[in-house]
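1. Sequence first, predicted model second:
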Amino acid sequence: MNWKKSAALPILASLAIAGCSGGAASDEHAHDSRHTADGDLQEATASFETLPAFLDGQPQAIRNAYLIAGHSIDVLASIPCYCGCGESAGHRSNLNCFIAEAKEDGAVVWDDHGTRCAVCIEIAVEAAVLKKEGLSLKEIRETIDAKYGDAGYPAPTPTPMPM
């Protein structure tokens with residue numbers, strides 16, 4: 001990605017975020033939470049429209065990253081994360097930094113890993129912006145791999161290349 005696209009990323013991210021709806025954590029819904037073996041907090045909510053309570057008090061940029069993740073499952077599931085979470089937390093893609101599981105009934109198990117990781121957030125927002133710009137899943141993956149693969153980041157999550 002060249003510097004012009006990098007400079008435009010915050011503006012494009014704002015546009016991507018503006019397309020997301022909902023997002024307030026709700027006291028109306030019961031939240032089921034637990035800690036994983038690696039210390040991450042996971043919390044279930046009824047849907048993607050209800051953010052987990054662990055986002056209460058977090059900066060809006062982090063809340064927005066979780067909104068983006070909830071609306072970009074198909075993209076983030078094919079994008080690796082380069083923060084080292086593949087080894088440290090057993091993540092399989094960037095999606096796992098935000099969402100541990102999307103259940104068939106619409107419920108979501110959120111993961112708080114992304115609240116502590118700027119690399120996770122940057123990759124998620126960038127992937128969503130590239131999708132909004134019309135890039136294919138494979139082009140998005142190639143762009144992320146090119147940016148983070150040789151830049152001194154830890155090994156990526158073991159995410160299969162999209163077709």
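-> That came in fine, so what should we check first? Remember, predicted model here, so these are calculated numbers, not experimental data. Numbers count the residues shown, from 1 in each chain.
2. can we go C-alpha only for contacts and neighbour counts from here?
-> OK.
3. what's the pLDDT at the nearest residue to residue 141 once chain neighbours are set aside?
-> Nearest non-adjacent residue to residue 141, counting by Cα to Cα, 6 or more residues apart in numbering: residue 79, 5.7 Å away. We note a pLDDT of 98 for residue 79 in this prediction.
4. same thing with residue 37?
-> Residue 37 is assigned a pLDDT of 61 by the prediction.
5. again with residue 23
-> The per-residue pLDDT reported for residue 23 equals 38.
6. what sits against the residue nearest to residue 141?
-> Going by Cα atoms under 8 Å, 6 or more residues apart in numbering, residue 79 touches 93, 94, 95, 127, 140, 141, 144, 159.
7. how close does it get to residue 95?
-> 8 Å (Cα to Cα, to the nearest Å).
8. One more: residue 126?
-> For residue 126 relative to residue 95 (Cα to Cα), the value is 13 Å.
9. between these two, which one's more packed in?
-> Shown here are residue 126 and residue 95; by other Cα atoms under 10 Å, residue 95 has more neighbours (29 against 20).
10. Now do the phi/psi pair for that one.
-> When read as degrees, to the nearest 10, the backbone of residue 95 gives phi -60, psi -40.
11. Next: residue 101.
-> The phi/psi pair for residue 101 (degrees, to the nearest 10) is phi -160, psi 140.
12. hang on, it packs against residue 108?
-> Yes: using Cα atoms under 8 Å, residue 101 is in contact with residue 108, at 5.9 Å.
13. Who has more neighbours out of the two?
-> Counted by other Cα under 10 Å, residue 101 and residue 108 do not tie: residue 108 has more neighbours, with 24 against 15.
14. Do a quick rundown of the helices in this protein.
-> Secondary structure of the chain (DSSP state H): helices located at 3-18, 60-70, 73-76, 85-88, 118-132, 137-149.
15. What about the contacts of residue 79, which one has the most neighbours?
-> Most neighbours among these, by other Cα under 10 Å: residue 94, with 31 neighbours.
16. Now for it: which residues touch it?
-> Applying Cα under 8 Å, 6+ apart to residue 94 gives the contacts 76, 77, 78, 79, 80, 81, 120, 123, 124, 157.
17. before we move on, what about residue 73?
-> Residue 73 makes contacts with residue 95, as judged by Cα under 8 Å, 6+ apart.
18. ok, it to residue 129 distance?
-> Relative to residue 129, and taking Cα to Cα, residue 73 is found at 13 Å.
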